[in-house]
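[1] Test case, fold it:
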Amino acid sequence: MNFRISGKSPAQAGLFFGLVLTADGSRLIQSRMDEIIRYRHCFVCGDQNRHGLKARFYYDGRQAVSEVTAEEDFEGYRGIYHGGIITALLDEVMIKAILALGICAVTAEMNVKFTRPVRTGEKLRLAGSIRSSKGRLYITEGTAVNEAGNICATAGGKYLEAGPQLGATLTESICRD
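    All right, here's what the predicted structure looks like:
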C-alpha cells in the first residue's frame, strides 16, 4: 500500500530549504516532493488535533522532511522551544521516512542529542532517513536544523515493522480520515 498523497514542489510545500545536502556536502536541488499521509488526530502531524503541531511531512525519494516554526505555546523555558516537542518531531520525521515507503512501523527505541537551543519564532527544518534495515527492523537518523543552517538536534531510532494485526490497526487509523 502506498501512503503518499498529492505531490508538491518545495515552494508549494513552503519549505525554506530548496536544497538537500548530501553526505559529501554537495547540494541536490529538489524538483518535487510528495506529501506523506498522516492521521488527522496525531499530535505531531494531525490537521484536526486542536492542541497539535500540525506539521506536514514530505518525501523526496530519499528522506522525509518538514518545516515548523517554534511556537511560544510549546516552549519549555521562556523563549526556548521544548526539547520534548523537538523529540516528537524527530520521531515523526524518522518514522515518516519508513511510512513513505508504504511500511507501517512503530518506534522501538530512540535517542536524541541536543546541540543548541531552538528559540521560539525560529524556523526549524527536520529531515529523517533510513540508514539500514534488516528483516522488520529499520535503523533511522534525523536532524533538526535552524534557518541559519545550525544543527540544533540529531536523533537515531529503531523502528519495527508492524505485524499483520497491529499493521491493520495502524492502516485503519491512517486511512479512515
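
[2] can you map out the strands along the chain?
    Taking DSSP state E as the test, the strands found in the chain are 4-8, 19-21, 27-29, 33-36, 58-59, 64-69, 75-77, 80-81, 105-114, 123-134, 137-146, 151-161.

[3] Serialize the ones you listed to JSON lines and add fields for mean pLDDT and mean neighbour count.
    Backbone N, C-alpha and C define where each C-beta goes, glycine included. What follows is these, written out as JSON lines (pLDDT from 0 to 100; neighbours: other CB atoms under 10 Å):
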{"stretch": "strand 4-8", "mean pLDDT": "34", "mean neighbour count": "13"}
{"stretch": "strand 19-21", "mean pLDDT": "45", "mean neighbour count": "14"}
{"stretch": "strand 27-29", "mean pLDDT": "45", "mean neighbour count": "10"}
{"stretch": "strand 33-36", "mean pLDDT": "84", "mean neighbour count": "21"}
{"stretch": "strand 58-59", "mean pLDDT": "96", "mean neighbour count": "24"}
{"stretch": "strand 64-69", "mean pLDDT": "97", "mean neighbour count": "22"}
{"stretch": "strand 75-77", "mean pLDDT": "95", "mean neighbour count": "14"}
{"stretch": "strand 80-81", "mean pLDDT": "97", "mean neighbour count": "20"}
{"stretch": "strand 105-114", "mean pLDDT": "97", "mean neighbour count": "14"}
{"stretch": "strand 123-134", "mean pLDDT": "97", "mean neighbour count": "18"}
{"stretch": "strand 137-146", "mean pLDDT": "98", "mean neighbour count": "21"}
{"stretch": "strand 151-161", "mean pLDDT": "98", "mean neighbour count": "19"}
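
[4] Tell me the confidence at the nearest residue to Phe43 once chain neighbours are set aside?
    Leaving aside its chain neighbours, Phe43 sits nearest to Gly52 (4.6 Å; criterion: CB to CB, 6 or more residues apart in numbering). pLDDT recorded at Gly52 is 93.

[5] What of Ile85?
    97.

[6] The most centrally placed residue in the chain and Gly83, how far apart?
    Centroid-nearest residue in the chain, with CA atoms, centre = their mean: Val93, separated by 1.6 Å. Val93 sits 16 Å away from Gly83 when distances are taken as CB to CB, to the nearest Å.

[7] do Gly163 as well
    Gly163 is 32 Å from Gly83, by CB to CB.

[8] quick one: which of these two has more around it?
    The neighbour count for Gly163 versus Gly83, taken as other CB atoms under 10 Å, is higher for Gly83 (16 against 11).
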